[in-house]
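**Q** here is my input; please provide its structure:
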Amino acid sequence: MTRRATQKDVALRAGVSQAAVSMVLGGGAPSTLPAETIDRIQAAAKELGYVPNRVAQALKTRRTMTIACVVPDITNPFYPTLIRGVQRVAQAGKYDVITLNSDGNATSERHFIEWALEGRIDGVVGVFFTLRAADLKVLLDNSVAVVRIESSRKSGGILPIDDIFVDSRAAAAVVVERLIAMGHRRIAMVAGVGGPQGVRVEGYRETLAAHKLDPLVVIEHSFTESAGLEAANAILESGFAATAIFAANDLMAIGVMQALRNRGIAVPGKMAVVGFDNISAAPLVTPPLTTVTQFQDRMGERAAEILLQRLNGEIVGPGTAQEMPFQLIERGSV
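**A** This next block holds a predicted model:
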């Protein structure tokens, strides 16, 4: 077996001190080190096939150079796009990313905390359905930085937990206002349990109430296509006489459209359908789905940027909160 090249080997090949090699290969070469020396060290490392020993580095720096990205449903197309944004920024900062699926339940999310406390990661970007700030304090106490991606308005807090959020209540209000402007008066809504369901339903209810219109909300077990199909069937059998259905995410909206198709109900001729998230399939279904985009790729990037700023000491003190944009994208389903 070929012996793994060490920093000592690189130093001998480059004709420099091991301390200089450590500075250059550790990404912290001082400005006083000649550019020619840095080039020589990097060339020697490449010739020898030098690969940093992450375990040794972690022992020395007390950093694993790894962050976690926790999401409730890795099969939902919304989240891979968000994770890609996190990973793009993390890799540029020389961090690896481990993605964890929690299914949005308390047991899995609490297991993540136990796992993180084993010293595996330096920080986490998380979409948590059940954990609150107080639950995450133990991570902060063990030097694990936390950035949460939230669906409701935040204002920062005493704990150094940073939040980025899209105001889902406001976004839901925009959807309902648009449907009302198009002449709809019987607007139903479908949603899953937990996560963004609460604030999106609140935005829907508040907007209908402002126009003195009646709501009908069907809450299903999950934010999936099958749950959307079941919820749509319940609406159609309720006697509510809906002319529009607003789904709390795009997967449910696609399930709604399938239920309507099964019953021969034309979209948008007899029923308008609006989703939320603008997943990659939204413009591809028939008809193309009207939805709300949260620019999830940029959301993931910004979450990772804030996390790295916290880890590098560029953000200190109490938690921060940053609002991210949303936009209603009108397509053929309304």
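**Q** what about Arg88, neighbour count?
**A** By other Cβ atoms under 10 Å, the residues close to Arg88 number 14. C-beta: built from backbone N, CA, C; applies to glycine.
**Q** spatially nearest residue to it (excluding sequence neighbours)?
**A** Excluding the flanking residues, the one nearest Arg88 by Cβ to Cβ, 6 or more residues apart in numbering is Glu301, at 6.2 Å.
**Q** ok, and the one you found, which helix or strand is that part of?
**A** Secondary structure assignment for Glu301, by DSSP states H and E: helix 296-311.
**Q** helices or strands up against that helix?
**A** strand 66-71, helix 78-92, strand 123-126, strand 145-150, strand 161-165 (3 or more Cβ pairs under 8 Å, 6 or more residues apart in numbering; DSSP states H and E).
**Q** who are the packing partners of the fourth one?
**A** Secondary structure elements in contact with strand 145-150, counted by 3+ Cβ pairs under 8 Å, 6+ apart, are strand 123-126, helix 133-141, strand 161-165, helix 296-311.
**Q** could I get the ones you listed as TSV with mean pLDDT and distance to Glu47?
**A** Output for the helices and strands packed on strand 145-150, formatted as TSV (pLDDT from 0 to 100; distance: least, Cβ to Cβ, whole Å):
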stretch	mean pLDDT	distance to Glu47
strand 123-126	97	34
helix 133-141	95	41
strand 161-165	96	42
helix 296-311	97	31
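**Q** so the residue nearest to Arg88 makes contact with Gly85?
**A** Yes - if you go by Cβ atoms under 8 Å, Glu301 and Gly85 touch, sitting 4.1 Å apart.
**Q** the two: who's more crowded?
**A** Here Glu301 and Gly85 are compared on neighbour count by other Cβ under 10 Å; more neighbours surround Gly85, at 23 against 20.
**Q** residues contacting that one?
**A** The contact partners of Gly85, taken as Cβ atoms under 8 Å, 6 or more residues apart in numbering, are Gln296, Asp297, Arg298, Met299, Gly300, Glu301, Arg302, Ala303, Ala304.
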